[in-house]
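Novice: mind looking at a prediction? Sequence and model below.
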Amino acid sequence: MKYKEGFESNIWDEKKVDGCRFVLGRKGKNTLICIGANPSKADENNSDMTMNKLCQILANNGYDGYVMLNLYPLIATKPDDLPKECDESIYSQNLEIIKRILSKFLSSDILLCYGVVLKKRKYLQKCLDDIMALCDGRKLKCLDAITNDGLPPHPSRKSNKIKIIDFKIKNDNK
């Protein structure tokens, strides 16, 4: 599947790790850092439905660039396919790459878009906590359809016209 026009990837993993995707994106004048739960099949050459949906939402909200990161970098089209335990090796690589991206995009806000997948594996909460510690002081955003659990929604089943709003993580919506 092709990327939405104007959102073709020009940022991706420099070194490949089998079964993982650490970063994917397109640098723009107004770039939003997006944090999902786990990557799907999109890569530097081919998009997927979720990435194209997210790119359309971003375009409709005035963004021309994105950097897609994830709580956990293992490619799992279905969140239930995530392993029961965290692989510390790939997770530590994920944190290092996130630190590097944050240092390159100092003025970019953060869109949280992991949805209820956060509840699928216990280690995902620790991943979120560690990543949020790196994002201290950044403006957090989410799609305007916060879940019943108070979580920032995943974009896949949202309208292309959905607004991006400010978001604050509370202890009861982790």
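Specialist: Structure received.
Novice: how about stretch 72-79: buried residues?
Specialist: Buried residues in stretch 72-79, counting neighbours by 16 or more other CB atoms under 10 Å, are found at 72, 73, 74, 75, 76, 79. To be clear about C-beta, it is placed using only N, CA and C from the backbone, and glycine gets the same treatment.
Novice: dump these to a markdown table, plus pLDDT.
Specialist: As requested, the buried residues of stretch 72-79 are exported to a markdown table (pLDDT from 0 to 100):
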| residue | pLDDT |
| --- | --- |
| 72 | 98 |
| 73 | 97 |
| 74 | 96 |
| 75 | 95 |
| 76 | 93 |
| 79 | 92 |
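Novice: which two of those residues lie the greatest distance from each other?
Specialist: Pairwise distances across the buried residues of stretch 72-79 (CB to CB) peak at 13.6 Å, for the pair 73 and 79.
Novice: overlap of the contact sets of those two?
Specialist: Taking CB atoms under 8 Å, 6 or more residues apart in numbering as the contact rule, residue 73 and residue 79 both touch residue 38.
Novice: rewinding a little: from the buried residues of stretch 72-79, which single one is nearest residue 126?
Specialist: Proximity of the buried residues of stretch 72-79 to residue 126 (CB to CB) peaks at residue 72, which lies at 10.1 Å.
Novice: I figured that closest one hits residue 124, correct?
Specialist: Yes - Residue 72 lies in contact with residue 124 (CB atoms under 8 Å); the separation is 6.3 Å.
Novice: which neighbours do these two have in common?
Specialist: 37, 82.
Novice: so what does residue 55 have for phi and psi?
Specialist: Dihedral pair for residue 55: phi -60, psi -40, per degrees, to the nearest 10.
Novice: what does residue 66 give?
Specialist: According to degrees, to the nearest 10, residue 66 has phi -150, psi 150.
Novice: also residue 166?
Specialist: Dihedral angles (degrees, to the nearest 10) for residue 166: phi -70, psi 150.
Novice: contact partners for the nearest residue to it once chain neighbours are set aside?
Specialist: Nearest residue to residue 166 in three dimensions, chain neighbours excluded: residue 141, at 6.2 Å (CB to CB, 6 or more residues apart in numbering). By CB under 8 Å, 6+ apart, residue 141 lies in contact with 32, 109, 110, 111, 112, 164, 165, 166, 167.
Novice: how about a cut-off of 6 Å?
Specialist: 109, 111, 164, 167 (CB atoms under 6 Å, 6 or more residues apart in numbering).
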